[in-house]
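**Student:** Just to be clear, the model below is a prediction. Sequence and coordinates:
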Amino acid sequence: MKKKIVTLCFIFLLCNINAQEKRGGNKDSKEEIKQKVASLLSKMTLKEKIGQMNQYNGFWNVTGPSPKEGDGAKKYDNLKSGQVGSMLNVRGVEEVRRVQKIAVEETRLGIPLIIGFDVIHGYKTISPIPLAEAASWDMDAIKKSAEVAAREAAASGINWTFAPMVDISRDARWGRVMEGAGEDTYLASKIAYARVKGFQGDNLSAVYTIAACAKHFAGYGFSESGRDYNTVDVGTATLRNVIFPPFKAAIDADVKTFMNSFNELNGVPATGNSFLQRDVLKGEWNYKGFVVSDWGSINEMIEHGYAENKTQASAIAVNAGSDMDMESYAYVNHLEALVCSGKVDVEKINDAVKRILTVKYELGLFDNPYLYCDEKREKEEIGSAKNQAEVLDMAKKSIVLLKNEKQLLPLPKKGQKIAVIGDLAQDKNSPLGSWRIAADDNTAVSVLEGLNAYKGNKISYEKGVVLAHGKTDFTLETKINKTDRAGIKEAVALAAKNDVVILVLGENGFQSGEGRSRTNLDLPGLQQELLEAVYKVNKNIVLVLMNGRPLAINWANENIPSIVEAWHLGTQSGNAIAQVLYGDYNPSGKLPMTFPKSVGQIPIYYNYKSTGRPKIPAPNMVFWSHYIDETNTPLYEFGYGLSYTNFKYSNLKLTKTYFKKGENITVSCTLTNTGKYEGKEVVQLYIQDKFASITRPVKELKGFKIISLKPGESKDVSFVIDEKLLQFYSANNKWEAEKGEFTVFLGGSSKTVLEDNFKLIN
Ligand code: NOJ
């Protein structure tokens, strides 16, 4: 009996500790937080308020050009006088505690700092780049991956990530496509929601969750010619129907912050854009979180030719709704005078500060400013076995099988002589991808290591050609090897005496990401030459691609029997790739972005408009919408991806052929696994609104389901279509579904295989 009581007490104690851990610092209701914020605000001087709107970079990582004012000594002085509300790029419990201590103990009001960091796809344990994760179409896995990132970052003192990037992009030249969810608004909206939920969880003040940030508001993914930071000019229909919805989805997930953007939008820089920030975000959408500027983007309005000087830039930004200044040193230096001279209403300052303080309260920072500073947790959490297992799972789910003609894959596990060729095969850094600032260099499992973990075959390796010389970083392009062919001969000789060649080619981990736009989408450097040379002596090639964006690999598609899209998959890269190549995991990823045949086709995307001349009117007639030197069709379409098994779609059924607003119909089909392996298929639903008050795309993704089937098994898969699913921002300047005819399509990619029509009537 005594023993039982002791055990019960122990369990109770454990649960209690656990519950406290999970709860974290803040237990206040929304109303209580509101009152606390109001009370604190009433005690603050104007200078202290402006301080809360000021964010400084830390002392090491720089993720943008450094401003002149950015010297360390001044930062410390400002910290002490309460003129800093947030810091970015400070990380690790020790360092965070050091700056937090100054804010809490040495300033008059002791307001804690909110510590921001670009936790884009993992903190130290790195998951696949976001574009790769999007290829999984698996919202649970994506949410879990964000949870891992949040847990590790939170254990390292960070309480705010500048993610997710929810910019839609149709331009693979833009390096930042690696950071987003691809080209489709529907898929990206689901992913935005999952990522925010993953970072923030259900309790923001828990010690393992951090605030998220939907960025970059708005239009950044439409930078002209895919050149980063370039001009953006898009009309209302694209803005409302394509660009905005993922931001709205982030709000639905309760995202705590927004970041504005470097680009101008239709003549007005996003940072100074009142339409975006005041009218839409804080007006129409009634958003209550705060908006941080992008790095130095307040000052950049001068270069844009929109503000004459920093004073004017500060006034424009704050009036337009930018609440926090990241690294422009504009607010801290100019806002006070602007308020005193009446150019900025103090109510705008109060509003911004309220928003910022509210998030700090919600994070639990007022109850315990050191909530995220626990050395023990930092040690245990970072790189834990659980985190490694979860990023491995995400990595496998992100792989897309692009071609498997001679059934080279999966590889037999015994008796094969395999040549592994390519610099990227042994690279332990590139698989970490761009935007992984906290990760230690060379900590990814390389493809070679992953393959060597399987013992049954004889594996030999040759580099072939060096991809880039020296340590790659911000000046990468000058280091890509375009002349040194020294290793090609050895690679060819090795290929000739092996049964199968695994060629690992693609982009260095720093060739995509911010500031890494490209005009070519080929295999960089001498890799194409290497590929063709190897092909001459051995045609049994499995090409494993590692890249941060769609590539135009026409030659490979025509000649190489098996192609695997393995992106930059993070820490567990090599293990994930090896498990897929050996068939221990059957790939099920689908492309979240169209792969073009030629850079000249860009922007290329599946949900294009028909135009008035979509088809050739007569043989050899030129007057229709096309190119004279290339087809209109992509190399691999959006939603495309194979499996080791085959799936058959049949039996499309509609419960009705028409429905009224308030009702719905169900569309279904039968999916059959006709191949030899158990596998997963992403069944995709697309709809076309055939005639509308503004022209509508030829089809739009409107639903998807991941279905798992054993060989020979069939399942019926259904989707409910209601009026909401048919809504768009119409010529009436509102979201509505217009009555009329629609086509519904089902299939395993945007090149769908089944279709039927239905009507929406009054
Ligand atoms: C600039 C990038 O555009 C933004 O996404 C990032 O969060 C900031 N730098 C901070 O590093």
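**Tutor:** That came through, no problem.

**Student:** and the residue of the stretch 301-450 of the chain nearest the ligand?
**Tutor:** residue 326 (6.6 Å; Cβ to the nearest ligand atom). All C-beta atoms are positioned from the backbone trio N, CA, C, and that covers glycine.

**Student:** which residues of this structure score low on pLDDT?
**Tutor:** 1-27, 59-73 (pLDDT under 70).

**Student:** quick one, domains of it?
**Tutor:** By the assignment in automatic domain parsing, the chain contains the domains 20-379, 391-601, 647-761.

**Student:** Columns mean neighbour count on top of those, output as CSV?
**Tutor:** Below are the domains of the chain laid out as CSV (neighbours: other Cβ atoms under 10 Å):
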stretch, mean neighbour count
domain 20-379, 22
domain 391-601, 21
domain 647-761, 17
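
**Student:** would a markdown table of those domains with distance to residue 641 be doable?
**Tutor:** Listed next are the domains of the chain as a markdown table, based on distance: least, Cβ to Cβ, whole Å:
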| stretch | distance to residue 641 |
| --- | --- |
| domain 20-379 | 7 |
| domain 391-601 | 4 |
| domain 647-761 | 7 |
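
**Student:** Would you mind confirming that the residue of the stretch 301-450 of the chain closest to the ligand is in contact with residue 297?
**Tutor:** Yes. Using Cβ atoms under 8 Å, residue 326 makes contact with residue 297 at a distance of 7.4 Å.

**Student:** Just list whatever residues bridge to the closest residue to the ligand within the stretch 651-762 of the chain.
**Tutor:** Here the stretch 651-762 of the chain gets closest to the ligand at one residue, residue 701, 25.9 Å apart by Cβ to the nearest ligand atom. Using DSSP bridges, the beta-bridge partners of residue 701 come out as residue 686.

**Student:** Please give me every residue in contact with it.
**Tutor:** 184, 186, 187, 607, 639, 684, 685, 686, 750 (Cβ atoms under 8 Å, 6 or more residues apart in numbering).

**Student:** now the helices: where do they sit in the stretch 101-250 of the chain?
**Tutor:** 130-134, 139-155, 185-200, 236-238, 245-252 (DSSP state H, counting those that start in this stretch).

**Student:** Could you do the stretch 451-600 of the chain as well?
**Tutor:** Using DSSP H, counting those that start in this stretch, helices in the stretch 451-600 of the chain cover 488-496, 527-537, 554-559, 573-581.

**Student:** and the contacts of residue 701 as JSON lines, adding distance to the ligand?
**Tutor:** Converted to JSON lines, those look like this (distance: Cβ to the nearest ligand atom, whole Å):
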{"residue": "184", "distance to the ligand": "21"}
{"residue": "186", "distance to the ligand": "23"}
{"residue": "187", "distance to the ligand": "21"}
{"residue": "607", "distance to the ligand": "26"}
{"residue": "639", "distance to the ligand": "27"}
{"residue": "684", "distance to the ligand": "30"}
{"residue": "685", "distance to the ligand": "32"}
{"residue": "686", "distance to the ligand": "31"}
{"residue": "750", "distance to the ligand": "29"}
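
**Student:** ok but residue 670 is inside a helix, no?
**Tutor:** No. Counting by DSSP: H, G, I helix; E, B strand; the rest coil, residue 670 is not part of a helix but strand.
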